[in-house]
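# dropping the sequence and predicted coords here.
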Amino acid sequence: MAEKKRPRRTRERILETSLALFNRSGAPQVTTTDIADELDISPGNLYYHFRNKDEIVGELFAACEARLLPLLVDPGERAIGVEDLWLWLHLLFERLWEYRFLFRDIDALTGGDHRFGMRFGELLRRCIATVSALCRNMVGTRTMAASEREIGALAQNAVLVSTYWPSFDRVRRASREAPAADAGRAAYQVLALFAPYLVGDARRQLDRLAADYL
(Lines give C-alpha, C1' and ligand atoms only; values in the text may rest on other atoms or scores of the structure.)
Protein backbone atom coordinates (compact mmCIF):
# COMPACT_ATOMS: atom_id res chain seq x y z
CA MET A 1 0.00 0.00 0.00
CA ALA A 2 1.33 3.44 -0.92
CA GLU A 3 2.33 5.59 2.03
CA LYS A 4 -0.09 8.44 2.69
CA LYS A 5 1.34 11.85 2.04
CA ARG A 6 1.76 13.91 5.21
CA PRO A 7 -0.59 16.90 5.23
CA ARG A 8 1.25 20.18 4.96
CA ARG A 9 1.26 22.17 8.16
CA THR A 10 -0.17 25.69 8.20
CA ARG A 11 3.30 27.19 8.67
CA GLU A 12 4.59 25.41 5.55
CA ARG A 13 1.54 26.51 3.57
CA ILE A 14 2.07 30.13 4.64
CA LEU A 15 5.67 30.04 3.44
CA GLU A 16 4.78 28.36 0.13
CA THR A 17 1.95 30.78 -0.57
CA SER A 18 3.98 33.82 0.46
CA LEU A 19 6.82 32.79 -1.83
CA ALA A 20 4.44 32.41 -4.76
CA LEU A 21 2.79 35.79 -4.09
CA PHE A 22 6.09 37.59 -3.50
CA ASN A 23 7.59 36.15 -6.69
CA ARG A 24 4.52 37.12 -8.68
CA SER A 25 3.81 40.60 -7.33
CA GLY A 26 6.83 41.65 -5.27
CA ALA A 27 7.08 41.52 -1.49
CA PRO A 28 6.36 45.26 -0.94
CA GLN A 29 3.02 44.89 -2.76
CA VAL A 30 1.82 41.86 -0.78
CA THR A 31 0.30 42.21 2.70
CA THR A 32 -0.27 39.61 5.39
CA THR A 33 -3.98 40.01 4.69
CA ASP A 34 -3.36 39.06 1.05
CA ILE A 35 -1.51 35.95 2.21
CA ALA A 36 -4.25 34.98 4.66
CA ASP A 37 -6.94 35.52 2.01
CA GLU A 38 -5.03 33.38 -0.51
CA LEU A 39 -4.83 30.58 2.07
CA ASP A 40 -8.44 31.09 3.22
CA ILE A 41 -7.32 31.43 6.85
CA SER A 42 -7.85 34.23 9.35
CA PRO A 43 -5.14 36.87 9.86
CA GLY A 44 -5.01 35.72 13.49
CA ASN A 45 -4.11 32.22 12.36
CA LEU A 46 -1.27 33.63 10.25
CA TYR A 47 -0.02 35.80 13.13
CA TYR A 48 0.07 32.72 15.36
CA HIS A 49 2.90 31.42 13.12
CA PHE A 50 4.52 34.71 12.03
CA ARG A 51 4.29 38.02 13.86
CA ASN A 52 4.63 40.05 10.67
CA LYS A 53 5.64 39.92 7.01
CA ASP A 54 9.28 40.59 7.85
CA GLU A 55 9.44 37.27 9.70
CA ILE A 56 8.09 35.49 6.62
CA VAL A 57 10.66 37.21 4.40
CA GLY A 58 13.40 36.26 6.86
CA GLU A 59 12.36 32.62 6.83
CA LEU A 60 12.30 32.56 3.04
CA PHE A 61 15.73 34.18 2.92
CA ALA A 62 17.04 31.43 5.22
CA ALA A 63 15.58 28.85 2.83
CA CYS A 64 17.26 30.61 -0.10
CA GLU A 65 20.58 30.59 1.79
CA ALA A 66 20.24 26.86 2.40
CA ARG A 67 19.73 26.30 -1.33
CA LEU A 68 22.72 28.46 -2.30
CA LEU A 69 25.32 27.49 0.31
CA PRO A 70 26.15 24.07 -1.24
CA LEU A 71 27.30 26.00 -4.33
CA LEU A 72 29.42 28.49 -2.37
CA VAL A 73 32.43 26.28 -1.72
CA ASP A 74 36.08 26.49 -2.70
CA PRO A 75 36.80 24.00 -5.54
CA GLY A 76 40.12 23.09 -3.94
CA GLU A 77 42.57 21.36 -6.26
CA ARG A 78 39.97 20.07 -8.71
CA ALA A 79 40.60 21.69 -12.09
CA ILE A 80 37.74 23.97 -13.16
CA GLY A 81 37.01 24.57 -16.85
CA VAL A 82 34.60 26.78 -18.75
CA GLU A 83 31.89 24.10 -18.85
CA ASP A 84 32.21 23.63 -15.08
CA LEU A 85 31.83 27.36 -14.58
CA TRP A 86 28.83 27.48 -16.91
CA LEU A 87 27.16 24.61 -15.02
CA TRP A 88 27.86 26.31 -11.70
CA LEU A 89 26.29 29.54 -12.93
CA HIS A 90 23.32 27.65 -14.38
CA LEU A 91 22.63 25.99 -11.02
CA LEU A 92 23.08 29.32 -9.25
CA PHE A 93 20.50 31.06 -11.43
CA GLU A 94 18.02 28.20 -11.08
CA ARG A 95 18.17 28.64 -7.31
CA LEU A 96 18.02 32.43 -7.50
CA TRP A 97 14.91 32.11 -9.67
CA GLU A 98 13.15 30.08 -6.97
CA TYR A 99 13.48 33.08 -4.63
CA ARG A 100 13.64 35.84 -7.23
CA PHE A 101 11.58 38.32 -5.19
CA LEU A 102 14.55 38.71 -2.81
CA PHE A 103 16.70 40.00 -5.67
CA ARG A 104 14.01 41.98 -7.45
CA ASP A 105 13.19 43.87 -4.24
CA ILE A 106 16.67 43.92 -2.70
CA ASP A 107 16.71 47.68 -2.02
CA ALA A 108 13.26 47.75 -0.45
CA LEU A 109 13.91 44.68 1.69
CA THR A 110 17.33 45.68 3.00
CA GLY A 111 16.89 49.46 3.20
CA GLY A 112 14.64 49.44 6.24
CA ASP A 113 16.09 46.48 8.12
CA HIS A 114 19.75 46.80 9.13
CA ARG A 115 20.11 43.23 10.40
CA PHE A 116 18.53 41.77 7.28
CA GLY A 117 20.81 43.96 5.19
CA MET A 118 23.84 42.54 7.02
CA ARG A 119 22.64 38.97 6.37
CA PHE A 120 22.14 39.71 2.69
CA GLY A 121 25.52 41.41 2.51
CA GLU A 122 27.25 38.40 4.06
CA LEU A 123 25.64 36.11 1.45
CA LEU A 124 26.90 38.36 -1.35
CA ARG A 125 30.40 38.37 0.16
CA ARG A 126 30.37 34.58 0.19
CA CYS A 127 29.36 34.61 -3.46
CA ILE A 128 32.23 36.97 -4.30
CA ALA A 129 34.69 34.80 -2.37
CA THR A 130 33.52 31.71 -4.26
CA VAL A 131 33.85 33.35 -7.68
CA SER A 132 37.31 34.59 -6.68
CA ALA A 133 38.30 31.03 -5.71
CA LEU A 134 37.00 29.69 -9.02
CA CYS A 135 39.02 32.32 -10.89
CA ARG A 136 42.22 31.55 -8.99
CA ASN A 137 41.70 27.87 -9.76
CA MET A 138 41.37 28.64 -13.47
CA VAL A 139 44.43 30.88 -13.41
CA GLY A 140 46.34 28.06 -11.73
CA THR A 141 45.43 25.66 -14.52
CA ARG A 142 46.17 28.31 -17.18
CA THR A 143 42.57 28.44 -18.31
CA MET A 144 42.55 32.13 -17.40
CA ALA A 145 45.14 34.88 -17.32
CA ALA A 146 44.26 37.49 -14.71
CA SER A 147 45.96 39.39 -11.90
CA GLU A 148 44.65 39.33 -8.34
CA ARG A 149 43.26 42.84 -8.84
CA GLU A 150 41.46 41.75 -12.01
CA ILE A 151 40.09 38.68 -10.24
CA GLY A 152 38.68 40.91 -7.48
CA ALA A 153 36.94 43.19 -9.96
CA LEU A 154 35.66 40.28 -12.05
CA ALA A 155 34.22 38.48 -9.01
CA GLN A 156 32.39 41.59 -7.85
CA ASN A 157 31.04 42.30 -11.34
CA ALA A 158 29.87 38.69 -11.73
CA VAL A 159 27.98 38.83 -8.44
CA LEU A 160 26.61 42.29 -9.27
CA VAL A 161 25.14 41.06 -12.57
CA SER A 162 23.83 37.87 -10.95
CA THR A 163 22.19 39.77 -8.08
CA TYR A 164 20.34 42.24 -10.26
CA TRP A 165 19.60 39.91 -13.18
CA PRO A 166 16.06 39.05 -11.92
CA SER A 167 15.12 42.76 -11.97
CA PHE A 168 16.67 43.33 -15.38
CA ASP A 169 15.09 40.15 -16.75
CA ARG A 170 11.63 41.13 -15.50
CA VAL A 171 11.81 44.48 -17.32
CA ARG A 172 13.39 42.91 -20.40
CA ARG A 173 10.60 40.36 -20.69
CA ALA A 174 7.91 43.03 -20.48
CA SER A 175 8.30 43.21 -24.25
CA ARG A 176 6.30 40.59 -26.12
CA GLU A 177 9.34 39.81 -28.25
CA ALA A 178 11.53 38.98 -25.26
CA PRO A 179 12.18 35.28 -24.61
CA ALA A 180 11.02 33.56 -21.44
CA ALA A 181 13.20 33.51 -18.32
CA ASP A 182 16.14 31.19 -18.92
CA ALA A 183 18.85 30.22 -16.43
CA GLY A 184 21.13 29.29 -19.33
CA ARG A 185 20.86 32.75 -20.87
CA ALA A 186 21.58 34.36 -17.50
CA ALA A 187 24.56 32.07 -16.99
CA TYR A 188 25.96 33.05 -20.38
CA GLN A 189 25.60 36.77 -19.64
CA VAL A 190 27.78 36.37 -16.54
CA LEU A 191 30.16 33.97 -18.26
CA ALA A 192 30.72 36.60 -20.97
CA LEU A 193 32.41 38.74 -18.30
CA PHE A 194 35.15 36.09 -18.14
CA ALA A 195 35.80 36.14 -21.91
CA PRO A 196 38.67 38.70 -21.93
CA TYR A 197 40.59 36.59 -19.43
CA LEU A 198 40.13 33.14 -20.99
CA VAL A 199 42.98 31.69 -23.01
CA GLY A 200 43.40 29.01 -25.65
CA ASP A 201 40.79 26.30 -25.81
CA ALA A 202 38.86 27.86 -22.93
CA ARG A 203 37.98 30.86 -25.07
CA ARG A 204 36.92 28.59 -27.91
CA GLN A 205 34.66 26.67 -25.51
CA LEU A 206 33.00 29.93 -24.52
CA ASP A 207 32.44 30.82 -28.16
CA ARG A 208 30.72 27.44 -28.70
CA LEU A 209 28.47 28.04 -25.67
CA ALA A 210 27.67 31.52 -26.99
CA ALA A 211 26.31 30.06 -30.22
CA ASP A 212 23.34 28.67 -28.27
CA TYR A 213 22.32 32.09 -26.94
CA LEU A 214 23.20 34.61 -29.64
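Now that the structure is in, tell me what you want to look at.
# excluding sequence neighbours, find me the nearest residue to Phe116.
Spatially, and ignoring its direct neighbours in sequence, Phe116 is nearest to Thr110 (5.8 Å; Cβ to Cβ, 6 or more residues apart in numbering). All C-beta spots, glycine's among them, are computed from the backbone N, C-alpha and C.
# nope, Asn45 is what I was after
For Asn45, the nearest residue in space outside its immediate sequence neighbours is Thr10; the separation is 6.7 Å by Cβ to Cβ, 6+ apart.
# pLDDT at the one you found, what is it?
Model confidence at Thr10, given as pLDDT, is 91.
# isn't it up against Asp40?
No - under the criterion of Cβ atoms under 8 Å, Thr10 is not in contact with Asp40, lying 11.3 Å apart.
# who's more crowded, those two?
Each of Thr10 and Asp40 has its neighbours counted (other Cβ atoms under 10 Å); Thr10 has more, 14 against 6.
# wait, what's in contact with that one?
Leu39, Ile41, Asn45, His49 (Cβ atoms under 8 Å, 6 or more residues apart in numbering).
# which among the residues you listed count as buried?
When neighbours are counted using 16 or more other Cβ atoms under 10 Å, the contacts of Thr10 contain these buried positions: Leu39, Ile41, His49.
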